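Student: curious how this folds, go ahead:
(one chain, ligands or ions: 2)
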Amino acid sequence: MTTVAVLGGGRIGEALLGGLVAAGHDPASLLVVERDTPRADDLVARLGIVATDAADAAQRADVLVVAVKPQDVQGVLEAVPAGRDRVVVSLAAGIPTAALERWLPAGTPVVRVMPNTPMLVGRAMCVLSPGAHADDDAVGTAETLLRAVGQTVRVPEAQQDVATALSGSGPAYLFLVAEAMIEAGVGLGLPRPVATQLVSATVDGAGGVLTDDTDGPAHPGLLREAVTSPGGTTAAALRTLESHGLRAAFADAVESCRDASRALGAAYGG
Ligand SMILES: NC(=O)C1=CN([C@@H]2O[C@H](COP(=O)(O)OP(=O)(O)OC[C@H]3O[C@@H](n4cnc5c(N)ncnc54)[C@H](OP(=O)(O)O)[C@@H]3O)[C@@H](O)[C@H]2O)C=CC1
Ligand SMILES: O=C(O)[C@@H]1CCC=N1
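Tutor: Ligands and ions are numbered 1, 2, ... in the order given. Next up, the predicted model:
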């Protein structure tokens, strides 16, 4: 079984490790390098994986996953000794493959990936772009790993910033919408557990309908129309949302996110 080492056992590192364990990956082949010792101990206790240091991880791993904050990536990678062949998969927002390659031993195959936290439940969207030394085998290794925890798609690296703004950060937008709906329901008198159940099931169900391609790809506009009876309740709600500029807010938010990712890349020579 492929030995995977995750450098950084924070939120996305845990989502990947937890998703891999849930998908049946042998926990003994999953290594984590996490400088926060209580957190590392907690991951070991809950997931049955192995905590180790960067040198040991680099020696043992077939795939080295970078899951630290963008500003920590250079330090983590420069501590990786040259040695055996391995694929480096970076989950860091904004950091270009050219920068990753500069910080790694010459010729290291690098795959830049924008994942998202639904990894934890096997429903990630992972957007991949290969670096200069990543051949089809290297990209295939990354895809095989990530398909255990969701879907993958390859894009040219120039599209990674927009991908970050849709699928990487996107779960946060949807959680905010869910939170706002729950609070609205509570404000109108529903008990919080009931409001939470109604909204969670609605988000899950709507997602299921949107991704069901039995009759071809679904169109969200048509699905919305199917809920909207002429002169009915949904039309009243949608009119209110449009009057508050919901579409423009999303367009601006996605652009701000794209720009933030682009600025990170620019800071590292991308
Ligand atoms: N969270 C998300 O939804 C997504 C995150 N990403 C990307 O994933 C990366 C990680 O994000 P996230 O998981 O949210 O961040 P976190 O801060 O939750 O996790 C990073 C972890 O790595 C640890 N760490 C940092 N440097 C080292 C080191 N040298 N050795 C060992 N451990 C180290 C940090 O410790 P300490 O707390 O002490 O710094 C922290 O526990 C980022 O680059 C982000 O852009 C991508 C897509 C989605
Ligand atoms: O907010 C961030 O910077 C990271 C990248 C995408 C999701 N979370």
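
Student: for the stretch 101-250 of the chain, which residues are neighbours of ligand 2?
Tutor: Contacts of the stretch 101-250 of the chain with ligand 2, taken as C-beta under 6 Å from any ligand atom, map to Thr164, Gly168, Ser169. Every residue, glycine included, has its C-beta placed from N, CA and C.

Student: and the nearest residue to the second one once chain neighbours are set aside, how far is that from Ser169?
Tutor: Okay, so that is Gly168. Closest residue to Gly168 apart from its sequence neighbours, by C-beta to C-beta, 6 or more residues apart in numbering: Met114 at 4.4 Å. In this view, Met114 and Ser169 are 9 Å apart by C-beta to C-beta, to the nearest Å.

Student: comparing those two, which residue is more hemmed in?
Tutor: Using other C-beta atoms under 10 Å, the more surrounded residue of Met114 and Ser169 is Met114, with 28 against 20.

Student: so the residue nearest to Gly168 bridges to which residues?
Tutor: As for beta bridges, Met114 partners with Val127 under DSSP bridges.

Student: residues in contact with it?
Tutor: Each residue near Met114 by C-beta atoms under 8 Å, 6 or more residues apart in numbering is listed here: Leu91, Ala93, Cys126, Val127, Gln160, Ala163, Thr164, Ser167, Gly168.

Student: the closest residue to ligand 1 within the chain: what's it in contact with?
Tutor: Residue nearest to ligand 1 within the chain: Gly10 (1.7 Å; C-beta to the nearest ligand atom). By C-beta under 8 Å, 6+ apart, Gly10 lies in contact with Glu34, Arg39, Ala67, Val68, Lys69.

Student: do the same with Gly245
Tutor: No residues are in contact with Gly245 under the rule C-beta under 8 Å, 6+ apart.

Student: and Val65, that one's in a strand?
Tutor: Yes. Under DSSP: H, G, I helix; E, B strand; the rest coil, Val65 falls within a strand.

Student: ok, it - contacts?
Tutor: Contacts of Val65 (C-beta under 8 Å, 6+ apart): Val4, Ala5, Val6, Leu7, Gly13, Leu16, Val88, Val89, Ser90, Leu91.

Student: quick check, the top helix by length along the chain touching ligand 1?
Tutor: Determined from DSSP state H, the single longest helix within the chain is helix 246-267. No. Using C-beta under 6 Å from any ligand atom, helix 246-267 stays clear of ligand 1, coming no nearer than 8.2 Å.

Student: for the record, mean pLDDT for that helix?
Tutor: Here helix 246-267 scores 96 as its mean pLDDT.

Student: give me the contact list for that helix.
Tutor: Taking C-beta under 8 Å, 6+ apart as the rule, helix 246-267 contacts 70, 93-96, 160-162, 164-166, 168-169, 173, 270.

Student: residues in the stretch 151-270 of the chain within reach of ligand 1, list them.
Tutor: Contact residues, the stretch 151-270 of the chain versus ligand 1 (C-beta under 6 Å from any ligand atom): Gly168.
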